[in-house]
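S.K.: predicted coordinates and the sequence they were generated for:
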Amino acid sequence: MVGEILRSITVVIEGDTTPRTFKGRDAWALGNLIAAGEKGCTPIDHPGPRWSHYVFKLRGGGIGIETIDERHAGPYAGSHARYVLRTPVTVIERVAP
């Protein structure tokens, strides 16, 4: 579920039987990435204070996430990151608050 607040999420990466548990905002970010699929997530459509840090920590936990740089126009033109989950995972458990 997009935007779902999670205390933790436990997943198994395809090809590895070791369960991996992520907590707090890391769990929230992974849940959003799973729900978004190939569309991925940006801090614009999935507001969160530190997306780059969540992605850094998920990568450290063995989760493959691609960063795509996208340009945007408007009064504050610039660029932002789109994060796309590239590691197939199976959710074992979601713990909501």
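M.R.: Received the coordinates, thanks. Numbering: from 1, shown residues only.
S.K.: which parts of this protein are helices?
M.R.: Listed from the start of the chain, the chain has helices (DSSP state H) covering 24-36, 51-60.
S.K.: mind giving me the packing neighbours of the longest one?
M.R.: Helix 24-36 makes packing contacts with strand 8-13, helix 51-60, strand 78-85, strand 89-95 when contacts are defined by 3 or more Cβ pairs under 8 Å, 6 or more residues apart in numbering; DSSP states H and E. For the C-beta atoms, the positions are set from N, CA and C on the backbone; glycine is no exception.
S.K.: output those in CSV; the columns should cover mean pLDDT.
M.R.: Formatted as CSV, the entries for those read as follows, by pLDDT from 0 to 100:
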stretch, mean pLDDT
strand 8-13, 98
helix 51-60, 97
strand 78-85, 94
strand 89-95, 97
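S.K.: what's the closest of those to residue 33?
M.R.: Nearest of the helices and strands packed on helix 24-36 to residue 33, taken as Cβ to Cβ: strand 78-85 at 4.1 Å.
S.K.: neighbouring contacts of that closest one?
M.R.: Applying Cβ atoms under 8 Å, 6 or more residues apart in numbering, the contact partners of strand 78-85 are 30, 33-34, 36-44, 51-52, 55, 63-72.
S.K.: tell me which of these fall in strands.
M.R.: Among the contacts of strand 78-85, the ones falling in strands (DSSP state E) are 65, 66, 67, 68, 69, 70, 71, 72.
S.K.: which of these sits closest to residue 8?
M.R.: The closest of those to residue 8 turns out to be residue 65 (Cβ to Cβ; 18.4 Å).
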